[in-house]
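In: Model the following, please.
(chains A and B)
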2 protein chains.
Amino acid sequence: MKLYDCTSAPNTRRVRMFMAEKGIDIPRIEIDIAQGENLQSDFLSKNPRGVLPLLELDDGSYLDESIAICRYLEELHPEPALMGHDAKTKAKIESCQRHIEFDALLPLADVLRNSAPTFKERALPGTSGVIAIDALVDRGIASYQRFLERLNDRLKDQPYVAGESFSIADITALCALDFAKWAKLKTPEQHTHILRWYALVNTRTSAGA
Amino acid sequence: MKLYDCTSAPNTRRVRMFMAEKGIDIPRIEIDIAQGENLQSDFLSKNPRGVLPLLELDDGSYLDESIAICRYLEELHPEPALMGHDAKTKAKIESCQRHIEFDALLPLADVLRNSAPTFKERALPGTSGVIAIDALVDRGIASYQRFLERLNDRLKDQPYVAGESFSIADITALCALDFAKWAKLKTPEQHTHILRWYALVNTRTSAGA
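Out: Predicted structure coming up:
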């Protein structure tokens, strides 16, 4: 297997952290999104959607979408389980990790893509010629703030985002919070449960991936 | 178990079709999104995110996100498998079904939420006070058109969206194409592979769910 990666992007980091937690080490090929390398024909011939990360399987086929890549790796290397053990934990972790995608990662991507000069005509991932919409920046920031309130509530009664154990939901949340830093969106000090959790997961070796 | 449902919404239909394919029949409680019933305290006490569908489990806990609900049902009732049998098919189906969510369902939701008078101040699901952004309508339509081109390419060489067998990806795609109808976004006649596939899956009993 080979991973097409972009060091600076949050979704690629999710896969790198997931692999680090499982001790999986495979070759990585860097694709520079800021420079638009993902929109050039060489990469598009591998993934017509133009997005990263992308996993090249041993049979030569390709798999995109970070969570689908993690699912594949979880099936091949079940321990430590990061996507749940039984019907209920699998479903609760999946639900929780989707909350973070829809309520934090997507709004934050809107903030970046509709404000940074680099993406002025690439306001959607994997596509050229999509013009930025200014109003999405404030909408994205407000969505992210609502997300932080709910995340803080959730972490009141449990050590990790999806319950008693570290899971892929913690990986997605950590990547989202760090992604927010470029937009100077800090976690407010009153969200003490998030700050406690952040300090805990940020000490894991995988956080450096 | 009980399902909090909204007959007219695409995400709730995904779960109804999934259950119909598996022969699962549980009580359903209708929540009227257009009337804002999902934003009232009674429903928010069950799901603070205010979105549907929502599954009430036998232990009294709640599970949202259609795909997480389907995952739970797939674990409890593995046959017929709609989310794959082995590592590779599970991952490919998950990737494919996420393409449809990000490239069709989300853009179509943007078209609806930012153009219909009902949602003028509810432009994001589950949240009140979010004002519509006109420019998202054209952006959403263009995204959906790109999606249809890629879907047609994909269906050139395989009978179903994710490969040789009917899967949850077909359910998501059928619900997306039918959701597009309210915006009068028909599948163009040159997309013959989509039209062939649509006729095939639309004959299934579950399509009536």
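
In: and the top helix by length along chain A, what's its mean pLDDT?
Out: Using DSSP state H, we find that the single longest helix of chain A is helix A:135-154. Mean pLDDT, helix A:135-154: 97.

In: touching chain B at all, stretch A:163-170?
Out: No. Stretch A:163-170 does not reach chain B (CB under 8 Å from any CB of the partner chain); its nearest approach is 11.1 Å. Just so you know, the C-beta spots here come from the backbone N, C-alpha and C atoms, and that holds for glycine as well.

In: what's the domain layout of chain A?
Out: Domain assignment for chain A by automatic domain parsing gives A:2-76, A:87-208.

In: returning to what we had before: what lies in contact with the longest helix of chain A?
Out: The contact list for helix A:135-154 (CB atoms under 8 Å, 6 or more residues apart in numbering or on different chains) reads A:96, A:99-100, A:103-104, A:107-111, A:113-115, A:123, A:161, A:173, A:180, A:183, A:185, A:187-188, A:191-194, B:48-49, B:123-124, B:127, B:130, B:133, B:135-136.

In: For ChimeraX, what selects the buried ones among these?
Out: With 16 or more other CB atoms under 10 Å in any protein chain shown as the criterion, this ChimeraX line picks the buried residues out of these:
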select /A:96,99,100,103,104,107,108,109,110,111,113,114,115,123,161,173,180,183,185,187,191,193,194 /B:48,49,123,124,127,130,133,135,136
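
In: thinking again about what came up before, next one: the longest helix of chain A to chain centre, how far?
Out: From the chain centre to the centre of helix A:135-154 is a distance of 16 Å (CA atoms, centre = their mean, to the nearest Å).

In: May I have that helix exported as CSV, CA atoms only?
Out: Taking Å, rounded to 0.1, in the frame of the first residue of the first chain, the C-alpha atoms of helix A:135-154 are listed here in CSV:
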residue,chain,number,x,y,z
ALA,A,135,-20.7,35.0,3.9
LEU,A,136,-19.6,31.4,4.5
VAL,A,137,-16.8,32.6,6.7
ASP,A,138,-19.1,34.0,9.5
ARG,A,139,-21.5,31.1,9.1
GLY,A,140,-18.6,28.7,9.4
ILE,A,141,-17.3,30.3,12.6
ALA,A,142,-20.7,30.3,14.2
SER,A,143,-21.2,26.6,13.4
TYR,A,144,-17.8,25.8,14.9
GLN,A,145,-18.7,27.8,18.1
ARG,A,146,-21.9,25.8,18.4
PHE,A,147,-19.9,22.6,18.0
LEU,A,148,-17.5,23.5,20.8
GLU,A,149,-20.4,24.1,23.2
ARG,A,150,-21.8,20.7,22.4
LEU,A,151,-18.4,19.0,22.6
ASN,A,152,-17.8,20.6,26.0
ASP,A,153,-21.1,19.3,27.3
ARG,A,154,-20.3,15.8,26.0
